[in-house]
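S.K.: Build the 3D model from these lines:
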Amino acid sequence: MTRNLRAKRVALAFPVTLSWAAAMADGVVQYARDQGGWDFTTSPPTLAPADEVAMTAYSLKDWPGDGVIAVFSDAAEVRAAGRLKVPVVAMGGNPHDCSVPRVRVDTYAVGQLAAEHLLAIGLRRLAYYGFRGPWYSQERRRGFVDRARKAGVPCEVFEAPPFTDPRTSWQRRRAAVGQWLQGLALPVGVLAAQDYRARVLVDECVRLGLAVPHDVAVLGVGNDLTACEFCQPTLSSVSPAARRVGYEAAALLDRLMAGQPAPQRDLLIPPDGVVSRRSTDTIAVDDPNVSAAVHYMQDHLAEVFGIERVMKQVAVSRRRLHEQFQRLLNSTPYEYLCHLRVERAKLLLAAPGQVKLRTIAVACGFSSPARLRLVFQRLTGMTPAAYHLQHLRASSKPARRRGER
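M.R.: Residues are numbered from 1 along each chain as shown. Modelled structure (predicted):
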């Protein structure tokens, strides 16, 4: 693409300490590269620190740029942005207190996707661990509980109260979580509102002698690599599509800088999948043959193989395994394998920018792009190309007005 005669000057105004800030910045930079390049300003790191709102707004007002992409922590920062004379796009934040155009993850869909992941591994008891107050915890809980109800499975909810006294000991904060865990029927799949809460759950399970993931499968939100990879066992997490949020925020800002009208609703981006690690690496069925077959499929998903190879991992006939899969997972072994491959393909197709179908086919164990297209369309009702395009256009199809639940 031909580079613009004058590169657009864009300020990235958000804290670098946010766990997903680097991924969002990657998405912004990727869009800029696709369009021919922007010049970025990354200082100050926040648009308006709580004690310096006026000063920071003043400095940005005089800044000779074209647009701002920001993350706001409170309403004062939003008001500061409203006084700027250049277009501003917000990323994330409370859906009820933002008056500037915004791109954010669909937090309700995060809860739904988490429930689907736990249901897919055979769990028929679910639970949610959140906390009172934060809007995103409430939205994730709502999506999770609604999906569990639709599946006809019970779902327990525990929301920790806020601790206003900073002298409250860590052990006292965790005590209520442990008591709640001890009262849950096992096995159970638990979604925590974010990754660090999920780590608390794992630690409490270890302390109580509960096996993760076989007694309690634990799932977080955020895919924070520090929290997830240094947890024992490693922690599965819903990826919040941070790169795509950044990419779509940059695309929206580009339209605003070109003089197009601002959308009247938040642009909602669906989460881009579950990053599965050891904390949900289980199949919640009592049958060892079904469990062995599913684990083999998961471990070798990037390889091209059929059910014949899976049969070598179990000690029953093909007909018997078929019957066990139907009874326990409501699927044949072949259909279950296809489902796993398509779910991985959907995760890869949801990435912004260009995607190569052959690369995705190889990563998902399909013998060819044609085979990927055939199976993908049969299970989803659309082609891989259409699915990718749907995700790219999702930000231009507002789902809810700002402030609506």
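S.K.: give the contact list for Ser276.
M.R.: By Cβ atoms under 8 Å, 6 or more residues apart in numbering, the contact list for Ser276 reads 117, 236, 298. C-beta: built from backbone N, CA, C; applies to glycine.
S.K.: Looking at those, which gets the smallest pLDDT?
M.R.: Checked by pLDDT, the contacts of Ser276 have Gln298 as the lowest-scoring entry (79).
S.K.: What strand or helix carries it?
M.R.: Following DSSP states H and E, the helix or strand that holds Gln298 is helix 288-299.
S.K.: List of residues touching that helix?
M.R.: For helix 288-299, using Cβ under 8 Å, 6+ apart, the contacting residues are 121, 276, 281, 283, 285, 309-310, 313-316, 320-321, 324-325, 328-329, 333, 336-337, 340.
S.K.: where's Val314 relative to Pro384, distance?
M.R.: Distance of Val314 to Pro384, given as Cβ to Cβ, to the nearest Å: 31 Å.
S.K.: okay, those two: which has more neighbours?
M.R.: Using other Cβ atoms under 10 Å, the more surrounded residue of Val314 and Pro384 is Pro384, with 23 against 20.
S.K.: Which residue is the nearest non-sequential neighbour of the more buried one?
M.R.: Spatial nearest neighbour of Pro384, excluding adjacent residues (Cβ to Cβ, 6 or more residues apart in numbering): Phe376 at 5.0 Å.
S.K.: Now the helix or strand containing that neighbour: average pLDDT?
M.R.: In this structure, Phe376 is located in helix 369-380 according to DSSP H and E. For helix 369-380, mean pLDDT rounds to 95.
S.K.: Alpha carbons only: can I get that helix in CSV?
M.R.: Provided in CSV are the C-alpha atoms of helix 369-380 (Å, rounded to 0.1, in the frame of the first residue of the first chain):
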residue,chain,number,x,y,z
PRO,A,369,-6.7,-26.2,2.9
ALA,A,370,-9.6,-27.9,0.9
ARG,A,371,-10.1,-30.3,3.8
LEU,A,372,-10.1,-27.5,6.3
ARG,A,373,-12.7,-25.6,4.3
LEU,A,374,-14.9,-28.6,4.0
VAL,A,375,-14.9,-29.5,7.7
PHE,A,376,-15.0,-25.9,8.9
GLN,A,377,-18.0,-25.1,6.8
ARG,A,378,-19.8,-28.3,7.9
LEU,A,379,-19.4,-27.5,11.6
THR,A,380,-19.8,-23.7,11.6
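S.K.: Report the distance from it to the chain centre.
M.R.: Centre-to-centre, helix 369-380 and its host chain are 24 Å apart (Cα atoms, centre = their mean, to the nearest Å).
S.K.: Could you list the buried residues of it?
M.R.: Buried residues in helix 369-380, counted by 16 or more other Cβ atoms under 10 Å: 369, 372-373, 375-376, 379.
S.K.: Leu340 looks like it's in a strand, true?
M.R.: No. With DSSP: H, G, I helix; E, B strand; the rest coil as the criterion, Leu340 is assigned helix and is not in a strand.
S.K.: Show the buried residues in the contacts of helix 288-299.
M.R.: The neighbour-count test (16+ other Cβ under 10 Å) marks 121, 276, 281, 283, 285, 310, 314, 316, 321, 324-325, 328-329, 333, 336-337, 340 as buried among the contacts of helix 288-299.
S.K.: Give me the buried positions along the helix holding Gln298.
M.R.: 289-294, 296-297.
S.K.: Also stretch 354-362?
M.R.: Buried residues in stretch 354-362, counting neighbours by 16+ other Cβ under 10 Å, are found at 355, 357, 360-362.
S.K.: of all those residues, which comes closest to Ala175?
M.R.: Ranked by distance to Ala175 (Cβ to Cβ), the buried residues of stretch 354-362 are led by Ile360 at 46.6 Å.
S.K.: The closest one contacts Leu348, correct?
M.R.: Yes. In this structure Ile360 lies within contact range of Leu348 using Cβ atoms under 8 Å: 4.8 Å.
S.K.: Which parts of this structure belong to which domain?
M.R.: If you go by automatic domain parsing, the domain ranges for the chain are 8-104+242-270, 107-240, 285-393.
S.K.: Lowest average pLDDT across these?
M.R.: domain 8-104+242-270 (a mean of 78).
S.K.: Please name the residues that touch Arg344.
M.R.: Contacts for Arg344 (Cβ under 8 Å, 6+ apart) come out as 301, 363-364.
S.K.: okay, these in CSV with neighbour count and secondary structure next?
M.R.: As requested, the contacts of Arg344 are exported to CSV (neighbours: other Cβ atoms under 10 Å; DSSP: H, G, I helix; E, B strand; the rest coil):
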residue, neighbour count, secondary structure
Leu301, 16, coil
Ala363, 16, helix
Cys364, 23, coil
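S.K.: Go through those and say which is closest to Ala81.
M.R.: Ala363 (40.1 Å).
S.K.: The closest residue to that closest one other than its chain neighbours - how many residues pack around it?
M.R.: Nearest non-adjacent residue to Ala363, counting by Cβ to Cβ, 6+ apart: Ala302, 5.7 Å away. By other Cβ under 10 Å, the residues close to Ala302 number 12.
S.K.: Over to Ala350?
M.R.: Neighbourhood size, Ala350 [other Cβ under 10 Å]: 23.
S.K.: Might one say that it is in contact with Arg244?
M.R.: Yes. Counting by Cβ under 8 Å, Ala350 sits close enough to Arg244 to count as a contact (7.1 Å).
S.K.: quick one: the residue of the chain most remote from its centre from Val206, how far?
M.R.: Distance from the C-alpha centroid of the chain, by Cα atoms, centre = their mean, peaks at Ser317 (38.9 Å). As for Ser317, its distance to Val206 is 39 Å (criterion: Cβ to Cβ).
S.K.: Of the buried residues of stretch 354-362, which is the nearest to Leu126?
M.R.: Ile360 (30.5 Å).
S.K.: would you say the closest one is within a strand?
M.R.: No. Counting by three-state DSSP, Ile360 is not part of a strand but helix.
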